[in-house]
Every structure is written in C-alpha cells, then in structure tokens.
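In: sequence isn't available, so here's the structure alone:
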DNA sequence: GATGTGACCAATGTACAATATAGTCACTTA
DNA sequence: TAAGTGACTATATTGTACATTGGTCACATC
C-alpha cells in the first residue's frame, strides 16, 4: 500500500503541462463535433500542431483521452446534482431534487451533446474509471442525505443504512447509467416523481 | 370497435392447422439451436418438407414467427411467476416471490436458451407485441397483489393505487425487460431482496 | 534531460462486388 | 376451393482486397 500515493493509474508524462491542456481542448472540440470514434489521434495532433507520437507522451491511449473528456462531462452533471441537493435543506426534498436533477442533467447531455453522450455510453459499457467514479459519487451522495435524514428524525432508522443506500442506488441506477438511461426514455417524465415518492414512503419513520 | 373481435393482428391463413404447428416446432428448434438471425425461412421450409412460399400462407413475416416463439418463452416465465405468487398467501410475501421469480426465470432463459433470449431482446428493443404483452402481465399482477394487500390492511391506502403500481413497475422494469436485464447482471443477486425490502417498506400502512 | 518526430507494425475498418435472403405472385394440382 | 410451388425482385449480408488507425520505438534537436 505504500506505493499507492497517487490515483490508481498515474497519468503518463508531466501532469501540469500546456500541451496536455491543448490536447484536452482539441479532444473536447473534436469529440463533441465529430464523435469519439470518428476522431483520430492524428486529427488531434494536427490541430495542436504536433506529431501523433507526442500525444502519447501525455496519454497512454486514445481511451485515456476519452476518459478525461468523459470525466469532465460527468463532473458537470455531478456539480449540478450537488447544487440541486444543497439548494434545499430538508433531506426528503434533497432526495427528490437529486433524482430530478440527475435525470435532467443526463438528458440534457444526451440532447445537447449527443456525441459526448456516446462517450459516456462507452464509458458505462466498458466500465471505464470515469463511469465507476460517477456511480460512486451518487452512492456517496445518497448515503450523506440518508445520514442527515436519520439524524434529523425524518427517515426511519431500523433498516441498516448500507442496505437502504444500496436499494435506493438500485432504484436510481437505470437513470444514472447512460447506457441504461437510453432505454428508459419512455419513463423519464414520470420516473423521478414516482420513484422519489416510493423511496420517501419507504423511508418514513 | 365492432370489428375488433379477434387479436389486434389477425393471423394469416387457417389458425388451427397442422402445418402451422409444424412451423412453430421447427422454428423453436432452429431458433434455439442456431439463433433467430441465422435461421432462414428456407431452413424452416426444408425441415418441414414444404416450400418457403407455403410458410407465408401461415405467417405474414419471419418476425411474426419470431413473435410466436418469443411469446411462448415469455408465457413460460409468466406461468412460473404466477405460480410463485400463488404459492403463498400474504401479499407482502407474494411481492417478494414475484420479484425473485421473475429475475430467476429470466436469468434461466438467458443462460439455458441464450439464443431464444436473443429473440426476447429483439422483441424488447423493437417493441413487438409479445414484449408489450409481457410488460402488461407484470403490471396487472402488481396491481392485483396491491389490491389484495390493501384489502387485507397489510398495505397502506393513502397513495393512489395507480401511482403505487406504476412506481413498483418502474422499480422492477430493469429486471423484467430482457434488454435492460442484460445490463443489470451485476445486481441480479442482491436486487430482488434489496428492492423488495424497499418496496415493502414503502407499502407499510 | 526535456521536447519532439518519421518510420514502422498489427489490427481494425471500409468499399464494393458477389451472394443469400425475405417476401410476392402467378400458376399448378388434387 | 384448399394445398402447394418455382421463379422473380429488392434488400441484406458476406467475403475480400485495400486503406486507416492506434500505438511503439529508435532517433534527432535544443
């Protein structure tokens, strides 16, 4: 364990470097315009004016670049969800807002940046770290709201908190995971309200 | 409405006919052995000893044959679920069994008859009638158990029953729909117990 | 040592002709 | 009239020669 100082997979090359930012910027633009698959590493190299080989000094694969872009997208969603949750102070309302915000933010990504959404789908399908981190974020947020609600006496305390958290996560899962969300479009209108209602009823003391 | 005596899409040719059964038998065998896509209509014709054209006297398309086979599979699952539900008499336990049975039966179809499962996936993806009917079956069963539980006083009665039913259906949806189930494998062990627990807590009076 | 590259390879993707398939229809036979 | 078919077409699907692409490496320059 003494070696695990940094992130699980240390980034290749200098972490803070102008060229790294240029690559990310170029990738964001190209991926969202032409899509992940149709963008070649050479395209990125050409737009920043370096050779393809140089890119591999900073990223160990094209997928690593994709993960970076994907992480940024997912972190935007996370920021929005976090904001929605902290905009209110009662835990039940926090849960409602959380569910609503995550569906809305994900759908917006889908409809506004479809090409980037496709990366998110790859990310979920192939279980990239960016996707796993996103799931973990939601899990943690659920747990926090749950703790708060138990402390304030608004949520029941008999069921083991891990069990409750895991169950709520499973309820939200089809709307969190981009791959599944695509197949849940028929329900995205009613699902947040219906399911929040059900979850909150299950939490009543 | 006076014309809607039979099913929405009347079957082509004589309904009760020996050759029709032969086609279904041959299709069941071929589809489960080689898969829906890799079976040609000529293959079916050859095994029953007629010409391909004759098959189209009984089914209006290859997909119609697929729907027939798929319906049979899904009806098997439905029978198993219905049996599991009626094996116990308290509505809460009925719900638990129902969830468990539907996941188990669907997984068994997946692992034992993977090729047939692929038809179920097509069915769900392209929203064939067989898939819609399957969903409707589950919806109805949920509603029935819900009514029973409300009558016996074991379930709460404040929430509109349609809302409760719709919410529970949404919770189960990722495990009912073959297309979604495939992406929920990671959770099929814990999901039935965890989610039944949550749902039942939400139903407590 | 940091910055940067052209040449190279295996694997994946593409274009397009050749083939196979779903589905129809006019027709035969009993 | 019911049972049954060969020949036909338009659309998929496949095979295959060819081009791209992801990724590496030895090497050059500052």
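Out: Noted; the coordinates are in hand. On a predicted model such as this, the values are computed, not experimentally measured, just so you know. Numbering: from 1, shown residues only, chains lettered A, B, ... in the order given.
In: low-confidence regions, chain A specifically.
Out: Confidence mapping of chain A against pLDDT under 70 gives the ranges A:1-11, A:13.
In: point out the residues in it that sit beside chain B.
Out: A:156, A:159, A:163-164, A:166-168, A:170-171, A:173-174, A:177, A:179-180, A:183-184, A:187, A:190-191, A:194-195, A:197-199, A:201-203 (Cβ under 8 Å from any Cβ of the partner chain). Using the backbone N, CA and C atoms, a C-beta is placed for each residue, glycine as well.
In: could you flag which of those residues are buried?
Out: A:159, A:164, A:166-168, A:170-171, A:173-174, A:177, A:179-180, A:183-184, A:187, A:191, A:194-195, A:197-199, A:201-203 (16 or more other Cβ atoms under 10 Å in any protein chain shown).
In: show me which helix runs longest in chain A.
Out: helix A:62-86 (DSSP state H).
In: and the helix or strand following that one, how far out from the chain middle?
Out: Tracing the chain past helix A:62-86, the next element assigned as helix or strand by DSSP states H and E is helix A:91-112. In terms of Cα atoms, centre = their mean, to the nearest Å, the centre of helix A:91-112 is found 12 Å from the chain centre.
In: my guess is residue A:36 contacts residue A:117, does it?
Out: No. Counting by Cβ atoms under 8 Å, residue A:36 does not reach residue A:117; the two are 10.3 Å apart.
In: restricted to helices, list the residues of chain A next to chain B.
Out: A:163-164, A:166-168, A:170-171, A:173-174, A:179-180, A:191, A:194-195, A:197-199, A:201-203.
In: what does chain A put close to DNA strand D?
Out: Within chain A, the positions lying close to DNA strand D (Cβ under 7 Å from any atom of the strand) are A:39-42, A:52-53, A:56, A:60-63.
In: try it again with 6 Å
Out: A:40-42, A:52-53, A:56, A:61-63 (Cβ under 6 Å from any atom of the strand).
In: just those residues now: which is nearest residue B:129?
Out: Nearest to residue B:129 among those: residue A:63, at 40.5 Å, using Cβ to Cβ.
In: count of neighbours near that closest one?
Out: 16 (other Cβ atoms under 10 Å in any protein chain shown).
In: ditto for residue A:33
Out: The local packing of residue A:33 (other Cβ under 10 Å) involves 12 other residues.
In: residue A:34 now?
Out: Neighbours of residue A:34 using other Cβ under 10 Å come to 13.
In: and the closest residue to it other than its chain neighbours, helix, strand or coil?
Out: Spatial nearest neighbour of residue A:34, chain neighbours left out: residue A:115 (7.1 Å); criterion: Cβ to Cβ, 6 or more residues apart in numbering or on different chains. Look at residue A:115: counting by DSSP: H, G, I helix; E, B strand; the rest coil, its state is helix.
In: which ones are touching residue A:115?
Out: Going by Cβ atoms under 8 Å, 6 or more residues apart in numbering or on different chains, residue A:115 touches A:31-36.
In: and these, which is closest to DNA strand D?
Out: residue A:36 (8.7 Å; Cβ to the nearest atom of the strand).
In: look up how far residue A:179 lies from that closest one.
Out: Look at residue A:36 and residue A:179: by Cβ to Cβ, to the nearest Å, they are 15 Å apart.
In: quick one, phi psi at the residue of chain A found nearest DNA strand C?
Out: Residue nearest to DNA strand C within chain A: residue A:53 (2.9 Å; Cβ to the nearest atom of the strand). The phi/psi pair for residue A:53 (degrees, to the nearest 10) reads phi -60, psi -30.
In: for the one 4 residues further on, same thing?
Out: Here the main-chain torsion angles of residue A:57 (degrees, to the nearest 10) amount to phi -80, psi -20.
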